[in-house]
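Enquirer: Generate coordinates for the sequence data below:
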Amino acid sequence: MQFIARHRHALTLAALCLAAAASWGQAYPQRPITLVVPYGAGGPTDQHLRAVAEEAGKALGQPIVLDNRPGASGTNAAAMLTRAAPDGYTLGVLPASVYREPFINKVPFDPASSFSYVILLSDYAFGLAVKADAPWKSWKDLAADAARRPGKINIGATGAVGTPRIVMDEVGEAARLQFNMIPFKGDAEVTNAILGGHIDAAPLSGVAVPHIDAGKMRYLVMLTPQRVKRYPQVPTLKELGIDAVIDSPYGIAGPAGMEPARVKVVHDAFKKALESVAGQRVLDQLNQPINYLGSEDYRRYALATSAREKERVARLRAKGLIE
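Expert: From the prediction side, this is the model:
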């Protein structure tokens with residue numbers, strides 16, 4: 001009899017724990033969620049995240065508030081996640097620089113252990129943009145001018161060691177050209193610098209689209225694996241003999257140690273938002289594809305990318321492109 005009573009007591013406790021866990025999972029979220037975006041307002045990442053955050057907030061029943069923190073080569077969100085509680089109320093956008101920066105500078109995070117990966121969202125379609133009245137009509141024209149005037153062509157890019165900047169350095173090396181690279185905090189600033197005539201060109205993604213469509217900018221060449229559907233007349237650098245592509249997807253993560261149930265809640269809300277009419281509309285406007293990975297696949301991607309970036313930085317350092 002005593003054994004049965006103890007057994008019933010254990011079953012009762014187990015049932016209560018399961019009920020409490022279920023209730024806890026249903027209760028999340030009970031207040032607004034902060035999403036840290038490591039770029040300034042107005043850029044393509046900000047535009048996309050505002051759209052999907054609004055849709056995801058509807059699914060979650062709580063607003064998702066964007067906190068723009070530009071600078072630090074796009075790693076401010078990653079750094080903030082290391083100081084946040086793993087309760088699901090602070091999330092961050094992780095760009096490609098998060099996997100590279102630990103091998104360049106001292107940072108407070110490790111891609112292998114500092115994050116709870118939630119969902120990979122999209123990638124950028126970069127092209128080398130110039131003002132509409134720029135004297136170069138093609139990449140060949142700009143390259144010929146750069147060859148005649150080494151270091152005189154001013155090219156802007158987000159971050160001192162961001163992916164666009166590094167790829168443009170690699171392009172210069174491959175083409176035996178010397179550009180004057182100028183770092184900016186975000187793509188919106190780079191865009192304004194082109195429109196204002198302060199720089200000559202820049203690798204830009206969706207932020208350039210409305211200006212191209214308005215006849216204020218144009219792409220000389222695409223830095224994508226294939227020509228893009230929106231601008232089929234613009235060739236890729238790969239077609240022109242320079243094997244250079246800006247591969248720079250981004251996704252959402254939380255601090256390490258988030259409850260798997262909460263990771264799933266956030267994942268499901270953002271996946272629904274990503275595939276929504278509003279989410280797809282802004283991607284079409286930005287000339288970006290969906291580049292979805294679920295939580296576990298995203299984690300595996302992050303680990304593989306981190307290992308690849310370690311090798312890349314070693315090569316760039318050996319060539320003197322990174323100190």
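
Enquirer: hey, which strand is longest across this structure?
Expert: Determined from DSSP state E, the single longest strand within the chain is strand 115-122.

Enquirer: next structured bit after that one?
Expert: strand 127-131 (DSSP states H and E).

Enquirer: List the contacts of that following strand.
Expert: Residues outside strand 127-131 that contact it (Cβ atoms under 8 Å, 6 or more residues apart in numbering) are 136, 139, 142, 194-195, 197, 200-205, 208, 211-212, 216-224, 228, 231, 234. C-beta: built from backbone N, CA, C; applies to glycine.

Enquirer: again, only using 6 Å
Expert: 194, 201-204, 208, 217, 219-222 (Cβ atoms under 6 Å, 6 or more residues apart in numbering).

Enquirer: Of the residues you listed, which belong to strands?
Expert: Using DSSP E, the contacts of strand 127-131 in strands are 201-204, 217, 219-222.

Enquirer: Save the residues you listed as CSV, and put in neighbour count too.
Expert: Converted to CSV, these look like this (neighbours: other Cβ atoms under 10 Å):
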residue, neighbour count
Ala201, 27
Ala202, 30
Pro203, 30
Leu204, 30
Met217, 25
Tyr219, 25
Leu220, 21
Val221, 25
Met222, 24
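
Enquirer: the strands in the stretch 151-300 of the chain, which residues?
Expert: With DSSP state E, counting those that start in this stretch as the criterion, the stretch 151-300 of the chain has strands at 154-158, 180-184, 201-204, 217-222, 250-255, 290-293.

Enquirer: avg pLDDT for the fourth one?
Expert: With pLDDT averaged residue by residue, strand 217-222 scores 98.

Enquirer: other SSEs contacting it?
Expert: Strand 217-222 sits against strand 127-131, helix 139-148, with contacts defined as 3 or more Cβ pairs under 6 Å, 6 or more residues apart in numbering; DSSP states H and E.

Enquirer: Compile these into TSV and extend it with columns for mean neighbour count.
Expert: Formatted as TSV, these follow (neighbours: other Cβ under 10 Å):
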stretch	mean neighbour count
strand 127-131	24
helix 139-148	17
